[in-house]
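Chemist: All I have is the shape, not the residue letters:
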């Protein structure tokens, strides 16, 4: 017996959709778990296996703002709803968190993103990126395609030079 949520994929227009967002002169590659489109509404879905977060904390999350920017560049003049699905959450009312970001919130997020990008550029130029932006090695490293740029994987890169072959 299937006790999971009933999902309707009639409006799904993309799964693992690869898009790009240009934000204040910086290009971001995004891979969106699922995108649904119905009339003038686009739903961006992101699935999480970690700890459930509150709507308040997710309002400060920049990930789906970047996704929204990518969608806006592909589908202009659409209402965009951001959806997080927490797969390990047992309480049905906490399994999904949805909301929209208004123009002011998006503008503030763009400012935050631009500041982070500028800080990374400054620290890279000064050689202090490792100190101010420490790598967080985790199981997610197995899916990363940027090892040749990662100081946390430097030893692996030196021992296995084939990783750097283009």
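Modeler: Yep, it's here. Since we're looking at a predicted model, the values are computed, not measured.
Chemist: what sits against the residue nearest to the spatial centre of the chain?
Modeler: The structure's the chain has its C-alpha centroid closest to residue 63; by C-alpha atoms, centre = their mean the separation is 3.6 Å. For residue 63, the contacting residues are residue 46, by C-beta atoms under 8 Å, 6 or more residues apart in numbering. Bear in mind the C-beta positions are built from the backbone N, C-alpha and C, glycine included.
Chemist: repeat for residue 69
Modeler: 21, 22, 23, 28, 106, 110.
Chemist: Out of those, which comes closest to residue 137?
Modeler: residue 28 (22.2 Å; C-beta to C-beta).
Chemist: could you say which helix or strand contains that closest one?
Modeler: Assessed by DSSP states H and E, residue 28 sits inside strand 26-38.
Chemist: what number of residues lie near residue 97?
Modeler: 22 (other C-beta atoms under 10 Å).
Chemist: ok, it to residue 30 distance?
Modeler: Per C-beta to C-beta, to the nearest Å, residue 97 is found 19 Å from residue 30.
Chemist: Check which helix or strand residue 45 maps to.
Modeler: strand 41-48.
Chemist: Between strand 26-38 and that strand, find me the angle.
Modeler: If you take axes from the mean of the first three to the mean of the last three C-alpha atoms, to 10 degrees, strand 41-48 sits at 110 degrees to strand 26-38.
Chemist: Need the three-state assignment for residue 89.
Modeler: coil (DSSP: H, G, I helix; E, B strand; the rest coil).
Chemist: Local confidence estimate at it?
Modeler: Looking at residue 89, its pLDDT reads 83.
Chemist: Show the backbone phi and psi for it.
Modeler: Main-chain torsions, residue 89, degrees, to the nearest 10: phi -80, psi 130.
Chemist: Could you do the one 3 residues further on as well?
Modeler: Backbone geometry at residue 92, expressed as degrees, to the nearest 10, gives phi -60, psi -40.
Chemist: how near is it to residue 11?
Modeler: 22 Å.
Chemist: out of those two, which sits in the more crowded spot?
Modeler: residue 11 (13 against 8).
Chemist: Verify the contact between the more buried one and residue 39 for me.
Modeler: No - between residue 11 and residue 39 there is no contact under C-beta atoms under 8 Å: 9.1 Å.
Chemist: Now for residue 123, how many residues are close by?
Modeler: Number of residues near residue 123 (other C-beta under 10 Å) recorded here: 15.
Chemist: show me the contacts for it.
Modeler: 129, 131, 132, 133 are the contacts of residue 123 under C-beta under 8 Å, 6+ apart.
Chemist: Off-centre distance for the helix or strand containing the second one?
Modeler: What that stands for is residue 131. For residue 131, the element it lies in under DSSP H and E is helix 129-132. Mean C-alpha position of helix 129-132 versus that of the full chain (C-alpha atoms, centre = their mean, to the nearest Å) differs by 22 Å.
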